[in-house]
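> Let's see this in three dimensions:
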Amino acid sequence: RKQRMEIEIKARCTDYGLVEKNLSKLNAKLKKESRQIDDYYNAQNRDLRKTNEYLRVRHSFGENKGTFAYHVNLADGVNDETEVDISDVEKFKKILKAFGFEILGTIDKHRKKFILGEFEVTLDDVKDIGSFIEIEGQGTEKDVVRVKKECMELLEKLGVPRANQCNVWLCDIATGKAKL
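Prediction:
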């Protein structure tokens, strides 16, 4: 069985109004709107910033339930993700700290997630960093080029210039691995 992975692009988004209007014209459905807090951690035995891996605890603001994720970046915008639900975020963070996992950084964002055909389109307004659009599809290794091309075409249909694409990911900004 071929491994499914997320295949995505990210771009700076300077006009949410235009993008949302275009999403509506294309019959996209708003799946979820929330304020999310992402805490990124480092392991004691290796620096995850150097191995293209990351550990993240995500929860919605004001809630104590969330997810714990282990992601491996296979290529630019191509990730193998493993996630589990957390019933008590604060206790889980306490366990991570007890085992020596340190927080590298936090991302605080207002997020709107839309479904458009086989794609997820996410609009993120990130505190102290800026506004972004992310377009994500799913596929196997053989689908990467096709899905990325379709993501780029959709980006342009939504009114975001191709030149706005950025190869810096929020996890890299949060952990200090990269700057915009």
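> contacts, neighbours, all on C-alpha from now
Fine.
> quick one: furthest residue from the center of the chain?
Residue farthest from the centre of the chain, counting by CA atoms, centre = their mean, is residue 98 at 26.8 Å.
> I'd like to know which helix or strand in the protein has the lowest mean pLDDT.
Between all helices and strands in the chain, the lowest mean by mean pLDDT, DSSP states H and E belongs to helix 170-174, at a mean of 75.
> Tell me how far that helix lies from the chain's centre.
Between the centre of helix 170-174 and the centre of its chain there are 10 Å (CA atoms, centre = their mean, to the nearest Å).
> quick one: the strands in the chain?
5-12, 29-42, 53-60, 66-75, 78-86, 102-116, 119-126, 130-139 (DSSP state E).
> I'd like those as a markdown table, with distance to residue 159 and mean neighbour count appended.
Output for the strands of the chain, formatted as a markdown table (distance: least, CA to CA, whole Å; neighbours: other CA atoms under 10 Å):
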| stretch | distance to residue 159 | mean neighbour count |
| --- | --- | --- |
| strand 5-12 | 11 | 22 |
| strand 29-42 | 18 | 18 |
| strand 53-60 | 29 | 21 |
| strand 66-75 | 26 | 16 |
| strand 78-86 | 23 | 15 |
| strand 102-116 | 15 | 19 |
| strand 119-126 | 13 | 21 |
| strand 130-139 | 11 | 20 |
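> With distance to residue 22 and mean pLDDT as extra columns, can I get the ones you listed in a markdown table?
As requested, those are arranged in a markdown table below (distance: least, CA to CA, whole Å; pLDDT from 0 to 100):
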| stretch | distance to residue 22 | mean pLDDT |
| --- | --- | --- |
| strand 5-12 | 16 | 90 |
| strand 29-42 | 12 | 95 |
| strand 53-60 | 27 | 94 |
| strand 66-75 | 29 | 90 |
| strand 78-86 | 26 | 90 |
| strand 102-116 | 11 | 94 |
| strand 119-126 | 12 | 96 |
| strand 130-139 | 13 | 93 |
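> Tell me which of these approaches residue 178 most closely.
In terms of CA to CA, the element of the strands of the chain nearest to residue 178 is strand 102-116, at 12.0 Å.
> what helices or strands is the least confident helix or strand of the chain leaning on?
Other elements packing on helix 170-174 under the criterion 3 or more CA pairs under 8 Å, 6 or more residues apart in numbering; DSSP states H and E are strand 102-116.
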